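Peer 1: Quick check, what structure comes out for this input:
(chains A, B, C and D)
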There are 4 protein chains.
Amino acid sequence: MIVVIKKNQEKTQVDNLINWIKGLGLGVHISEGENSTIVGLVGDTSKVDIDLVRTLDIVENVTRVQEPYKNVNRKFHPQDSVIDVGGHKFGGGHFQIIAGPCSIESEKQIIDVADAVKRAGATLLRGGAFKPRTSPYSFQGMGVDGLKLLKKAKAETGMPIVTEIMSEEHIDDFEGVDVMQVGARNMQNFDLLKKLGKLKTPILLKRGIAATVEEWLMSAEYIMSEGNPNVILCERGIRTYETYTRNTLDLSAIPVLRERTHLPVIVDPSHALGISRFVKPMSLAAVGAGADGLIIEVHNDPPHALCDGAQSLRPDQFADVVGCVSKMLPVVDKELD
Amino acid sequence: MIVVIKKNQEKTQVDNLINWIKGLGLGVHISEGENSTIVGLVGDTSKVDIDLVRTLDIVENVTRVQEPYKNVNRKFHPQDSVIDVGGHKFGGGHFQIIAGPCSIESEKQIIDVADAVKRAGATLLRGGAFKPRTSPYSFQGMGVDGLKLLKKAKAETGMPIVTEIMSEEHIDDFEGVDVMQVGARNMQNFDLLKKLGKLKTPILLKRGIAATVEEWLMSAEYIMSEGNPNVILCERGIRTYETYTRNTLDLSAIPVLRERTHLPVIVDPSHALGISRFVKPMSLAAVGAGADGLIIEVHNDPPHALCDGAQSLRPDQFADVVGCVSKMLPVVDKELD
Amino acid sequence: MIVVIKKNQEKTQVDNLINWIKGLGLGVHISEGENSTIVGLVGDTSKVDIDLVRTLDIVENVTRVQEPYKNVNRKFHPQDSVIDVGGHKFGGGHFQIIAGPCSIESEKQIIDVADAVKRAGATLLRGGAFKPRTSPYSFQGMGVDGLKLLKKAKAETGMPIVTEIMSEEHIDDFEGVDVMQVGARNMQNFDLLKKLGKLKTPILLKRGIAATVEEWLMSAEYIMSEGNPNVILCERGIRTYETYTRNTLDLSAIPVLRERTHLPVIVDPSHALGISRFVKPMSLAAVGAGADGLIIEVHNDPPHALCDGAQSLRPDQFADVVGCVSKMLPVVDKELD
Amino acid sequence: MIVVIKKNQEKTQVDNLINWIKGLGLGVHISEGENSTIVGLVGDTSKVDIDLVRTLDIVENVTRVQEPYKNVNRKFHPQDSVIDVGGHKFGGGHFQIIAGPCSIESEKQIIDVADAVKRAGATLLRGGAFKPRTSPYSFQGMGVDGLKLLKKAKAETGMPIVTEIMSEEHIDDFEGVDVMQVGARNMQNFDLLKKLGKLKTPILLKRGIAATVEEWLMSAEYIMSEGNPNVILCERGIRTYETYTRNTLDLSAIPVLRERTHLPVIVDPSHALGISRFVKPMSLAAVGAGADGLIIEVHNDPPHALCDGAQSLRPDQFADVVGCVSKMLPVVDKELD
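Peer 2: Numbers count the residues shown, from 1 in each chain, chains lettered A, B, ... in the order given. Okay, the predicted model is just below:
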């Protein structure tokens, strides 16, 4: 970390700062310039509160040279992490497609969709039991009963299952779930992250709706620093001024993350855009950008038909996406397995 | 809610939608136009998932006429809510100033600051015991021990106390806390909101870092719909592209909220900007915009001096802010008490 | 357009509004509801100022059913527009790659780069003569002299040329330029757009840095409404809160535009991200999302080496991008020609 | 400027960079560290393209210590600039209220409004002759004829006049205009800024809709560097994800600008929010934040009544705003004159 001190500051103020830095166990390298004094911090600066230092009156500017994250940092772990979920691998050239309904509604529904997406090429099954909803009056999911149905679908199809956890209170109920998803709204629910860090179950960590790449990596660091190395990142769109799509899918985050971290990164084109007819082009775009997988909503309920056109695809539409994705994967040296 | 159907759609698709709406217990008023069919929904539409309807292929457009919130809605509660905290009132022309340190560090520190801010005119005391931090390596607060010290400061000074709760696990420890604060990162931690809705303790609900006014009101609705009517909203800056200040304080939210809700709204200029020398102008701006109170960070530790210039004010600077605010209040027909 | 009137409004106010609408030559269809009155506007509503109506005190809500643009609207021109530039076609399944240096610096430089990108597969040549720079102290481009060199490179290589126009004063100097580019900062320089609308030269219209899709289409409408049908849209990244990349490339805009307009859309991954090593993944992502072409910065100056790693690619890196793009095009049914 | 070089970079690459810096006439101060090399640039770094340096592969990080602007910089001009417009002063404790209609519509209209706002306390008159409109089908203003009517209103009332210029072609027609306004969409129309820099007429420079404070100051620098010292900045709201108000009024920009520049800063609450009933609270907020003036839309056409409730105030509502503003000014040590 480099701290630039304004010129003509009181010596005691500057000394106070330097002593505080030393008190954190860091070395200090001072270089007096004509217009300012440059203080270099030597050692592990991840515990220095950069926002605090930046706002001191005597400070002109602060620059972090070291990243504030360690476990997730590619510098200290140059190879891709490969996370195995029931024999399906995330990262390291492997590509996975997670698919299933937005909400689990009944045993028949989840098993039918599971069969359909498996036939179409999905490798893992998703389904929502606990649903975070903006309104208290919206359907909040089947809860624990939904989890049971999802586990039945796993038993029937052999597909590993992915579902969202909203509260540390439910951790015991998630026994048997293969990937526990942390939703965008909980990306900085630090108490929950710490608890999940004590497990070994892979965690699918969605990006917060206005989270920077660095904040997102810091949330992954919360999980890893507690001992769980199995974190999969999931880009799902960020909030911008544009309202034509629900969110703006930030695909540039993928090559950026590739440099910063060894963790796998997948993309959720269904939630990002909220419109099923955009799922196909954005899935192909995600492959082009270098994603390690996709998570796609698929429903299986043509008679009710309501969801036609919403963010969920029909199984035949989903099969078409899988087909095109498969054709693209060789160009980016990846393999669906 | 008004749903505009595209022209030349299949009748079965349109009928499916209409039957689904009726199945929700709503009436339907259909008006066939030249270029589109307009479907008006009659009844309580708060349970209709507008995002779902908007994404249907047959739908051109959806407009909500009724707001999706009820308990917080000024339409159904035209008078300002006045929330009494130990004799200090929020809303209805009353103005409160909450002040105290960012973190509770020791008994002496919190009691000294409490004395100082009380003398300067603060009406409630704040202090952080549980601290949400982006990095797992940053100081996470004194926790339960901090709460105990804060309660001592309350006993000594008679000031009601305000502090943040991060997890439903700690609710019992907050016995004796006068206002429980929900931080920006937990604004959509719905499990926590529901638990707090079962209490009667006033809740200070900070706006999420990229929350719309509507999402914020829906989170307040979560609390109120469980039975707790005592919600105070707190604007603390939103995330924008501009990086000169930490966040962009959205003061226009105040007159907007004033029309939409009967709940009191206060402003946190310390966190919004992250720079103490901007606290004074933005406090005065908040008064001008019509806020019902302020929450300001004040520290009391000149020998260590580190925080000079950071987001916390010294007691004398804080007294100057209180003085100017007091002069402005009569212009907006408010009273500090 | 549908205008919802609040309940219990003064009749004269409502009548004033209705008469004003009729005065614009529009029909009115009124439907009285329990809680509000719905006014449907019949006819060409593109001249109604929706912002004005929305802000009237008596109005609860306004929804536009018709889009405010006509010439660019796919509804009135269902087939893709195909724009021919010296035998190279944009749109309708054709794919073009425009490449060249950020700035024209000398005759040798522009001709060398032109040769290099042509060999590598580029179909059009770009090069900046007039450079919009944030700072008045930065290099502003070679101006008219640069244009002359660019035309020489066209004569030598036979490649059509693309370059930015910043002011209507220079239109005459652009004689011989095949595509005139309007930069992001001038997307709403309406006087310039109107002048370009009187030409027949294809216009490459970059998206403004915080322009909505609708505003962007309205700027294209300015050009087309004056008589020039040859508009190519170019996504180049939007401004968001994220600072890891210079801008956030909004690739979802491509399928959105595909539905709204018949105009071709290309992508500029060099400016969007500002980092050359991200150009390849984001070019492939653009192909996946359905773009009709790319515009990529390439330099040819290894001895000076300064720009290594900046947003410009070396010719060999560019050739690699062209190779991978070519492999991907068949999956999306497009052809580079 | 401080450039941090990654460790283990090729010496020739580092030397290339250093030679390029020296070639710009700058001195270089190198300090070798354990993990990186720090290069300090000594001299006038305003001509260094920080974006270019930042994207070099060998560079870890770049920090600007000096601001990239000079003429507008408070460091080199510590006193407030005071800009005199027909005897009315902007800056230095003076406060001005500019008022008038959105568009000039007729001689009677502009003179009637001028009289009304003068009586209510406005010190300058505004009125739009050239109107930048998103749609080519919207009213584009009366143009040169509108300017003539505005000058008549000036002659009748003695009020200095403020109006927007959209194109360098019209500069001659603006003879007699006291303040030439550059709108948000033209904030980076650099050709226009350079032309206005050759005049002495005060320029009211509105902030671009997504402009950073630094970009805005750089646009002011374009004007000042050509010789015109009379620039007044105008905050008018920025684009964010929030849609309850048209834009988000960024009042924190005022204290930020106060530190960075000596130029006066005023606020436009009418355009920022687009809703007249929010003009009063946001005007008072602007005073609290430290603004040097306001620009407010006022109309005078009760029989047509359409605009009631839109962004324009009636004269009596405007008089109420002026009254409350006047009461607040002494608290912030300012004076309306």
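Peer 1: what about chain A, any weak spots by pLDDT?
Peer 2: A:33-34, A:301-310 (pLDDT under 70).
Peer 1: and the one residue in the stretch 1-150 of chain A that gets nearest to chain D, how far is that from residue D:14?
Peer 2: Closest approach between the stretch 1-150 of chain A and chain D, counting by Cβ to the nearest Cβ: residue A:63, at 4.5 Å. The way it works is simple: take the backbone N, C-alpha and C, and place the C-beta from them, glycine included. According to Cβ to Cβ, to the nearest Å, residue A:63 and residue D:14 sit 18 Å apart.
Peer 1: repeat for residue A:238
Peer 2: Relative to residue D:14, and taking Cβ to Cβ, residue A:238 is found at 36 Å.
Peer 1: out of the two, which sits in the busier spot?
Peer 2: residue A:238 (25 against 18; other Cβ atoms under 10 Å in any protein chain shown).
Peer 1: How about the contacts made by the residue lying closest to that one once chain neighbours are set aside?
Peer 2: Once flanking residues are discounted, residue A:238 sits nearest to residue A:250: 5.1 Å by Cβ to Cβ, 6 or more residues apart in numbering or on different chains. Residues near residue A:250 by Cβ atoms under 8 Å, 6 or more residues apart in numbering or on different chains: A:207, A:235, A:237-238, C:240, C:242, C:248.
Peer 1: Now do the same for residue A:250: helix, strand or coil?
Peer 2: Following DSSP: H, G, I helix; E, B strand; the rest coil, the label given to residue A:250 is coil.
Peer 1: For it, what are phi and psi?
Peer 2: Main-chain dihedrals, residue A:250, degrees, to the nearest 10: phi -100, psi 80.
Peer 1: For chain A, which segments are assigned as helices?
Peer 2: A:11-23, A:50-54, A:107-120, A:144-157, A:190-197, A:213-225, A:253-260, A:269-273, A:279-289, A:315-328 (DSSP state H).
Peer 1: just those: most buried one?
Peer 2: helix A:279-289 (a mean of 28; mean count of other Cβ atoms under 10 Å in any protein chain shown).
Peer 1: Can you give the distance of it from its chain's centre?
Peer 2: 17 Å (Cα atoms, centre = their mean, to the nearest Å).
Peer 1: List, one by one, the residues from the stretch 51-200 of chain A near chain D.
Peer 2: Within reach of chain D by Cβ under 8 Å from any Cβ of the partner chain, the stretch 51-200 of chain A has these residues: A:60-61, A:63-66.
Peer 1: so can I have JSON lines of those residues showing neighbour count and distance to residue C:81?
Peer 2: Shown next, in JSON lines, are those (neighbours: other Cβ atoms under 10 Å in any protein chain shown; distance: Cβ to Cβ, whole Å):
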{"residue": "A:60", "neighbour count": "20", "distance to residue C:81": "53"}
{"residue": "A:61", "neighbour count": "17", "distance to residue C:81": "49"}
{"residue": "A:63", "neighbour count": "18", "distance to residue C:81": "48"}
{"residue": "A:64", "neighbour count": "18", "distance to residue C:81": "48"}
{"residue": "A:65", "neighbour count": "17", "distance to residue C:81": "50"}
{"residue": "A:66", "neighbour count": "18", "distance to residue C:81": "51"}
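Peer 1: Among these, pick out the one closest to residue B:135, please.
Peer 2: Ranked by distance to residue B:135 (Cβ to Cβ), these are led by residue A:64 at 11.6 Å.
Peer 1: now the nearest residue to residue A:211 once chain neighbours are set aside: how far from residue B:189?
Peer 2: In space, and not counting its chain neighbours, residue A:211 is closest to residue A:187: 5.8 Å by Cβ to Cβ, 6+ apart. The gap separating residue A:187 from residue B:189 is 11 Å, by Cβ to Cβ.
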